[in-house]
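1. Give the three-dimensional model of this entry:
(chains A and B)
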Amino acid sequence: MTHGEDDLLERVDFDAMPANIYCRVHPARLQDGTPVDPLSPNPRSAARMAIQPALTAGAPALGMFYVATTSAGALFEALLRNASIYPGRQVYLPRSKLKGQRLALVELSRPLEIIPLGLPDRRIVVPDANSWREARWRELINTVDHRDTHAAALAVYEQVRNAGFQHQGLSWPSIQAPHALVYLLYDPPFQRADWSLIKTIELDTAAGEIFIADALAKAGYAWLADPAGGGFDPADPAAI
Amino acid sequence: MSIHGHVAIMEIPADGDVRFGSRPLTSFVQAPDVASFDVARHASKGVLRVFRPDSDAQWLTKSEIAELEQLARKLLEASRRIGALDQLMPARKRSAGHQEVRYFELFADLAVHEVHAAEVAERAQRMVLRADQAGSSGVLFEIEQYDPSVSLPALFEGFNRSFRASVVTEAKLARVVVTAPVRTPAQASAALRDELLGLGWPTSAEVGESHGSKAGNKGQWAKDRRDRGELFGVWSATERTFRHPTFQFDETGAIRPLVKELISALSANPEFAPAADKGGWRRAFWLYGPTLALAGANGAARRPADVFVTEPAAVIQAARATSETGTDDAW
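-> Numbers count the residues shown, from 1 in each chain, chains lettered A, B, ... in the order given. Prediction:
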């Protein structure tokens, strides 16, 4: 491999992604207007650990399917990554970022084998806590610049495949949402039939605002209302 | 490494009263060898501290305290079994006056492993998740030993005694339970607006005066600049005037040259356009909220208003990015 990320896994081994209910944030439509299937991967993803030729030369064309174990985890991973976080864990997001966004509750019907990148399970694949691999993985699962992760994602993909295994996906802990775990599944070998859609929440509605406020409250965050209208704006446009 | 949040702590001394507290996860990274509570305990032989991830550093809820008690009970029951205790190595020799701080995790009620201090923060974040999913969790705990001559079994006997006493006097726990202030999103936004207004930004009249305005209405100078997109202000409803965030002004009080470009970049987002943000508060909330979009070299979130003073181009770029939608970087 020539990506400068050789052998990021000291050992190729797997952990179970349990059959469970997960949360996925996705746009309702693509920019060309095509509706998005909540149960289909995104082949254009450029998010953390994504693999596609447009991101890394020589990469296979894969789809990416990101889910999290909590609503807050999914929101932080997708929409709130660059939100303004005030002291007291108060979250402000320009509401245009919610436009057309959905949160889908999706259920996985069978356990999958994935590579765990968060502690303590990372010890399965990186047993040496003092190794360069350990330091690199900490960077990869924490960096705010996803471009820094794409070559590493491809290198791991090749390492797993060269060891004779399918590379189904990865998991890591959410940086900002306590207790949430994020999973990334690659397509292939992603199987849409393993998943079913339970419910979709429209995030750009009044009900969506309430849902977000509740989800963040469970994670210890306060959602700030849109500061416009009422006592925020002058009634008289000529106000000095 | 970006670690956020806190751990809630139940502290059980070998001889004394149980108490509860909280510690930022970042402190485990920055000062891994420092005990979780910095309190002199001349009379105590040692202290056991049981951790669980905390939803907020400001208070411990009843359910969090109940969960800490459950975790402590699980750990102390396991400690009675020889298998669990035998795996705890004896304290290392230290010079007088220096206590030993070490971290451990109890797995599946059977095995105890020592945890490197630098890993405690990440392990704490994972702990509750494992409990939720697998039905059995690890227990992360800290032992601070003051008297190395006391054996671990003897220490744990003391922890058990103190724990039982705390359960008997459970009513005392009410003192440490602080109810979360209930604020709706609207109330929280109003409070944040008032907090920002409390920073004392200059009014329209004050800006006019400092720029030598000769107009009869001293506030007109600032209004004209706002209307031309050269100055940014926020509406103070109680004072019936606009106030102007100070990051826009240099040391001499002059408006910084790139403020107009910043306001223009923000206007690329329709909700930040002056017509949609008449009071300026949407833009103010963005300008004064720490964001990872402008993370510093250490990975910490920074406030656009602060960064603008030294790196205006970066803030202008981040302002433009607020108008981007449908990015594949997010999903």
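
2. For chain A, which segments count as helices?
-> Under the criterion DSSP state H, helices of chain A are mapped to A:71-78, A:132-142, A:150-162, A:206-218.

3. low pLDDT regions in chain A?
-> Scanning chain A with the threshold set as pLDDT under 70 gives A:1-4.

4. Include mean neighbour count and distance to B:Gly280 when you put the helices of chain A into CSV, please.
-> Every residue, glycine included, has its C-beta placed from N, CA and C. Output for the helices of chain A, formatted as CSV (neighbours: other C-beta atoms under 10 Å in any protein chain shown; distance: least, C-beta to C-beta, whole Å):
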stretch, mean neighbour count, distance to B:Gly280
helix A:71-78, 27, 27
helix A:132-142, 17, 34
helix A:150-162, 20, 39
helix A:206-218, 16, 22
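
5. Could you export these to TSV, including columns for distance to chain B?
-> Formatted as TSV, the helices of chain A follow (distance: least, C-beta to the nearest C-beta, whole Å):
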stretch	distance to chain B
helix A:71-78	5
helix A:132-142	5
helix A:150-162	11
helix A:206-218	5
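
6. got the ones you listed as JSON lines, with distance to A:Ala239 columns?
-> Putting those into JSON lines (distance: least, C-beta to C-beta, whole Å) gives the following:
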{"stretch": "helix A:71-78", "distance to A:Ala239": "36"}
{"stretch": "helix A:132-142", "distance to A:Ala239": "45"}
{"stretch": "helix A:150-162", "distance to A:Ala239": "50"}
{"stretch": "helix A:206-218", "distance to A:Ala239": "28"}
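
7. Now the terminal residues of stretch A:5-15, how far apart.
-> Terminal residues of stretch A:5-15 lie 22 Å apart, using C-alpha to C-alpha, to the nearest Å.

8. Which among the helices of chain A is found nearest to B:Thr26?
-> Closest approach to B:Thr26 among these (C-beta to C-beta): helix A:132-142, 12.4 Å.

9. what separates the closest residue to A:Pro38 other than its chain neighbours from B:Thr327, distance-wise?
-> Among residues not flanking A:Pro38 along the chain, A:Ala104 sits closest, at 3.9 Å (C-beta to C-beta, 6 or more residues apart in numbering or on different chains). Distance, A:Ala104 to B:Thr327, by C-beta to C-beta, to the nearest Å: 18 Å.

10. residue contacts, the residue most central in space within chain A?
-> Among the residues of chain A, the one closest to the centroid is A:Glu77, at 4.3 Å (C-alpha atoms, centre = their mean). By C-beta atoms under 8 Å, 6 or more residues apart in numbering or on different chains, the contact set of A:Glu77 is A:Val25, A:Ala47, A:Arg48, A:Tyr66, A:Ala68, A:Ser174, A:Ala177, A:Val182.

11. contacting residues for the residue of chain A found nearest chain B?
-> Among the residues of chain A, A:Ser84 lies closest to chain B, at 2.2 Å counting by C-beta to the nearest C-beta. By C-beta under 8 Å, 6+ apart, the contact set of A:Ser84 is A:Val91, A:Tyr92, A:Leu93, B:Phe285, B:Trp286, B:Tyr288, B:Gly289, B:Pro290, B:Thr291.

12. and if we set it to 10 Å?
-> By C-beta atoms under 10 Å, 6 or more residues apart in numbering or on different chains, the residues touching A:Ser84 are A:90-94, A:224, B:285-293, B:301, B:303-304.

13. so where's the stretch 1-150 of chain B shaky on pLDDT?
-> For the stretch 1-150 of chain B, applying pLDDT under 70 flags the ranges B:1-5, B:29, B:31-43, B:55-63, B:81-99, B:108-110, B:125-137.

14. Swap in 90 and give it another go.
-> Residue ranges of the stretch 1-150 of chain B with pLDDT under 90: B:1-48, B:50-150.

15. Inside strands: which ones of the contacts of A:Glu77?
-> Applying DSSP state E to these, the entries found in strands are A:Val25, A:Tyr66, A:Ala68, A:Val182.

16. and the third one, how many residues sit next to it?
-> Right, the one you point to is A:Ala68. Look at A:Ala68: counted by other C-beta atoms under 10 Å in any protein chain shown, it has 25 neighbours.

17. how close does it get to A:Tyr183?
-> Going from A:Ala68 to A:Tyr183 by C-beta to C-beta gives 7 Å.

18. list residues touching both of those two?
-> With C-beta under 10 Å, 6+ apart as the test, A:Ala68 and A:Tyr183 both reach A:Tyr22, A:Arg24, A:Ser171.

19. Could you dump the residues you listed into a markdown table with neighbour count and distance to A:Ala59 added?
-> A markdown table is the format used below for the shared contacts of A:Ala68 and A:Tyr183 (neighbours: other C-beta atoms under 10 Å in any protein chain shown; distance: C-beta to C-beta, whole Å):
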| residue | neighbour count | distance to A:Ala59 |
| --- | --- | --- |
| A:Tyr22 | 25 | 25 |
| A:Arg24 | 23 | 23 |
| A:Ser171 | 24 | 21 |
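
20. ok and the residue in the stretch 151-300 of chain B nearest chain A?
-> For the stretch 151-300 of chain B, C-beta to the nearest C-beta, closest residue to chain A: B:Gly289, 2.2 Å.

21. what's the spacing between that residue and A:Arg102?
-> In terms of C-beta to C-beta, B:Gly289 sits 25 Å off from A:Arg102.

22. picking that back up, quick one: the shared contacts of A:Ala68 and A:Tyr183 as JSON lines, columns for distance to chain B too.
-> Below are these laid out as JSON lines (distance: C-beta to the nearest C-beta, whole Å):
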{"residue": "A:Tyr22", "distance to chain B": "11"}
{"residue": "A:Arg24", "distance to chain B": "8"}
{"residue": "A:Ser171", "distance to chain B": "10"}
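
23. contacting residues around A:Glu209?
-> A:Arg95, A:Leu98, A:Leu203, A:Trp223, A:Ala225, A:Asp226, B:Pro185.

24. Let me see the ranges of the strands in the chain.
-> You didn't say which chain, so I picked chain A. Using DSSP E, strands in chain A cover A:15-17, A:21-27, A:63-68, A:84-86, A:90-92, A:101-108, A:112-116, A:169-173, A:181-187, A:195-202, A:222-223.

25. was after chain B, sorry
-> Under DSSP E, chain B gives strands at B:6-13, B:19-24, B:46-54, B:100-107, B:111-115, B:139-145, B:234-236, B:241-243.

26. From the contact counts, what lies against the second one?
-> Based on contacts counted as 3 or more C-beta pairs under 10 Å, 6 or more residues apart in numbering or on different chains; DSSP states H and E, the elements that strand B:19-24 packs against are strand B:6-13, strand B:46-54, helix B:62-80, helix B:120-134.

27. please redo it, this time with the cut-off set to 8 Å
-> Strand B:19-24 is packed against strand B:6-13, with contacts defined by 3 or more C-beta pairs under 8 Å, 6 or more residues apart in numbering or on different chains; DSSP states H and E.

28. what comes up buried for stretch B:302-321?
-> Within stretch B:302-321, the residues that qualify as buried by neighbour count (16 or more other C-beta atoms under 10 Å in any protein chain shown) are B:302-308, B:311-312, B:315-316, B:318-320.

29. and the two most separated of those residues?
-> Farthest pair in the buried residues of stretch B:302-321, by C-beta to C-beta: B:Asp306 and B:Arg320, 18.7 Å.

30. on that earlier part again, who has more neighbours, A:Ala104 and B:Thr327?
-> Using other C-beta under 10 Å, the more surrounded residue of A:Ala104 and B:Thr327 is A:Ala104, with 21 against 15.

31. does the more buried one have beta-bridge partners, and which?
-> A:Arg24, A:Thr200 (DSSP bridges).
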